[in-house]
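In: Okay, structure incoming, though there's no sequence with it:
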């Protein structure tokens with residue numbers, strides 16, 4: 001447990017960083033917010049570590065923005081998809097709510113244990129898994145997970161082995177999923193993107209290029225881009241958007257806090273395609289290092305693709321951040337049909353600040369807007385075709401959202 005003086009320093013640093021850097025999408029009065037923080041100080045300095053951390057998170061929630069968190073560098077994630085590679089949904093079963101595996105990422109701990117979408121979680125390490133609290137999964141540990149099919153007739157226990165966390169990194173703790181993965185179904189390519197890895201998307205772009213070339217070599221002339229459960233990530237989403245059109249066109253624009261405060265004219269923003277190489281990236285960094293980084297992001301002009309005009313994008317309630325940016329671009333430009341459920345509504349750009357004593361503050365520092373000036377922060381992307389999965393049939397391989405995408409591409 002930290003000494004009171006150390007906690008006071010952490011709280012003071014959190015306040016200072018928020019006031020200086022937070023992207024104020026919710027019209028928060030920082031003076032009032034700081035007063036609220038000060039009122040909570042006596043209880044925060046006396047609380048145990050868990051209550052102290054949750055108290056700071058409660059205060060951050062009053063900032064009314066996504067991409068906001070407070071944690072120790074060695075903490076464990078609170079969301080299952082960040083540590084076992086699977087999203088969960090609370091669904092009714094046997095007169096109560098239970099957790100069901102929804103998206104299971106290829107080669108993640110859940111997938112390697114044999115977990116499939118539609119499986120219900122009965123318990124984890126003997127502790128009942130009851131919504132709304134998420135099951136506690138931890139780095140470097142084995143978890144005995146009791147699962148059941150919807151009919152309850154088949155109950156089994158599997159072992160989820162979560163590897164140790166390899167590095168501290170800059171973002172909140174995350175076990176990076178394999179991305180992208182792909183397969184062919186007749187002449188239709190199915191491209192799954194659970195995450196956009198790499199700080200600037202260069203590595204993901206190379207992986208995506210190889211996946212697209214492989215699909216085309218197998219005769220792909222229709223494409224399903226599965227962004228369900230997408231954790232977000234980096235600038236790699238712009239490479240994915242670039243494959244939807246042959247030319248260069250606006251994907252959206254970002255606005256820094258300074259621009260938001262003093263006003264701006266998007267027509268005067270520099271128009272910049274995503275860099276396609278490390279050299280191009282270094283050039284862009286040098287170009288904008290001494291000026292405001294608000295800009296219009298363009299696609300890269302990758303030329304005509306055999307699947308153009310025949311693309312479906314799948315989304316759901318766990319599609320986050322960069323995944324939502326790609327889905328919004330597809331919807332706004334009508335370059336693809338968006339199918340599924342409304343997305344998360346977390347599209348602010350963020351970074352991590354060190355606030356002392358091992359604590360990190362994850363905070364949004366710029367906003368993201370579609371070319372028309374609309375934004376999906378807090379609202380999410382509404383699909384063109386709204387359809388949900390059937391929890392009772394999902395574990396038997398009946399994916400209603402994927403089936404609708406296949407139907408639309410016939």
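Out: That came through, no problem. None of the values given here were measured: they were computed from a predicted structure.

In: Quick check: can you list the domain ranges of this protein?
Out: According to the domain assignment given by automatic domain parsing, the chain is divided into the following structural domains: 4-64, 80-161, 181-348+366-409.

In: pLDDT (mean, whole number) over the second one?
Out: Domain 80-161 shows a mean pLDDT of 93.

In: ok so, going back, tabulate the domains of the chain in TSV, adding columns for distance to residue 72.
Out: In this view, the C-beta of every residue, glycine as well, is placed from N, C-alpha and C. Shown next, in TSV, are these (distance: least, CB to CB, whole Å):
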stretch	distance to residue 72
domain 4-64	8
domain 80-161	13
domain 181-348+366-409	20
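
In: Save the ones you listed as TSV, and put in mean neighbour count and distance to residue 173 too.
Out: Output for the domains of the chain, formatted as TSV (neighbours: other CB atoms under 10 Å; distance: least, CB to CB, whole Å):
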stretch	mean neighbour count	distance to residue 173
domain 4-64	15	14
domain 80-161	18	7
domain 181-348+366-409	19	12
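
In: so which of those gets nearest residue 360?
Out: Proximity of those to residue 360 was assessed by CB to CB; the nearest stretch is domain 4-64, lying at 10.4 Å.

In: which residue ranges form the helices in the stretch 151-300 of the chain?
Out: Taking DSSP state H, counting those that start in this stretch to define them, one finds helices in the stretch 151-300 of the chain at 202-217, 237-242, 257-262, 278-288.

In: Show residues contacting the second one.
Out: It refers to helix 237-242. When contacts are defined by CB atoms under 8 Å, 6 or more residues apart in numbering, helix 237-242 is touched by residues 193, 196, 201, 204-205, 208-209, 225, 251, 273-274, 297, 299-302, 322-323, 325-326, 329-330.

In: Figure out how far that helix is from the centre of its chain.
Out: Taking CA atoms, centre = their mean, to the nearest Å, one finds the center of helix 237-242 at 15 Å from the center of the full chain.

In: Verify the contact between residue 350 and residue 363 for me.
Out: Yes - applying CB atoms under 8 Å as the test, residue 350 and residue 363 come out as touching, 6.0 Å apart.

In: ends of stretch 234-253, how far apart?
Out: Counting by CA to CA, to the nearest Å, the length from the leading to the trailing residue of stretch 234-253 is 15 Å.

In: rewinding a little: common neighbours of residue 350 and residue 363, please.
Out: Where contact means CB under 8 Å, 6+ apart, the residues bridging residue 350 and residue 363 through contact with each are 67, 68.

In: The domains of the chain: which one's closest to residue 175?
Out: When these are compared by CB to CB, domain 80-161 sits nearest residue 175, at 5.3 Å.

In: Need the distance between the two termini of the closest one.
Out: By CA to CA, the extent of domain 80-161 from end to end equals 13 Å.

In: do stretch 143-154 as well
Out: The distance separating the two terminal residues of stretch 143-154, taken as CA to CA, comes to 19 Å.

In: can you give me the strands in the stretch 1-150 of the chain?
Out: If DSSP state E, counting those that start in this stretch is used as the criterion, the strands of the stretch 1-150 of the chain fall at 69-72, 86-93, 96-104, 120-124, 127-128, 142-148.

In: closest one to residue 402 among those?
Out: Using CB to CB as the measure, strand 96-104 is the one of the strands of the stretch 1-150 of the chain that comes nearest residue 402, at 11.7 Å.

In: got the angle for that closest one vs strand 142-148?
Out: Relative orientation of strand 96-104 versus strand 142-148 (axes from the mean of the first three to the mean of the last three CA atoms, to 10 degrees): 110 degrees.
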